[in-house]
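Student: Return atomic coordinates for the entry below.
(one chain, ligands or ions: 1)
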Amino acid sequence: MVEHARREYPLECCGLLSGSDWNIDGIRATGNQRQSREEFFVPVEELFAFFRGLRRSGKEHLGIYHSHPTSRSRPSSRDVAQFHYPDVSYWIVSLKEAEPDVRCFCWDQEDFRKVDFEVYGPLPQDRSFTKNGLKSVK
Ligand SMILES: [Zn+2]
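Tutor: Below you'll find the model as predicted:
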């Protein structure tokens, strides 16, 4: 996610996460149809392709992520207004500071609630990519 966010900087990036039992082990970087610094929209064709892949692999859709190139990793009012997937985790990668900040949220009634997560599995050498590894949410 961090790598993707850096690649698209200064535009917002977005993508979809999959796995099973709240263990996220799949990431699909998608395009951002908005090509914007302040909002994102996963192209419908890419969304369909993602769900086709899930049906083949038997995995679940567990998360959606996007970046905040110049603001903090908390949901913007636009994120709150446009959130359409209350059953999945919602990840934000902030590149505001030198060190990327990755946070995870879940939709709770009418607002986002921050959720703790653990990173497990082999970690890349570069510490700044620690949070780009496999993730477990709960
Ligand atoms: Zn946002």
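
Student: Nearest residue to residue 43 in space, ignoring adjacent ones along the chain?
Tutor: residue 33 (4.6 Å; CB to CB, 6 or more residues apart in numbering). Quick note: C-beta positions are derived from backbone N, CA and C, even for glycine.

Student: Could you pull up phi and psi at the one you found?
Tutor: Residue 33 adopts backbone torsions of phi -60, psi -30, taken as degrees, to the nearest 10.

Student: what's the spacing between it and residue 72?
Tutor: For residue 33, the distance to residue 72 (CB to CB, to the nearest Å) stands at 24 Å.

Student: Correct me if wrong, but residue 47 is in a helix.
Tutor: Yes. Counting by DSSP: H, G, I helix; E, B strand; the rest coil, one finds residue 47 located in a helix.

Student: Neighbours of residue 113, how many?
Tutor: 11 (other CB atoms under 10 Å).

Student: who does it bridge with?
Tutor: Taking DSSP bridges as the rule, residue 113 bridges to residue 106.

Student: I'd say it and residue 106 touch.
Tutor: Yes. Assessed by CB atoms under 8 Å, residue 113 is found in contact with residue 106 at 5.6 Å.

Student: Does residue 78 belong to a helix, a strand or coil?
Tutor: helix.

Student: Pretty sure it sits against residue 39.
Tutor: Yes. Checked against CB under 8 Å, the pair residue 78 and residue 39 is within contact range at 5.6 Å.

Student: quick one on the thing from earlier: from what I can see the residue nearest to residue 43 touches residue 45, true?
Tutor: No. Taking contacts as CB under 8 Å, residue 33 lies outside contact range of residue 45: 9.8 Å.
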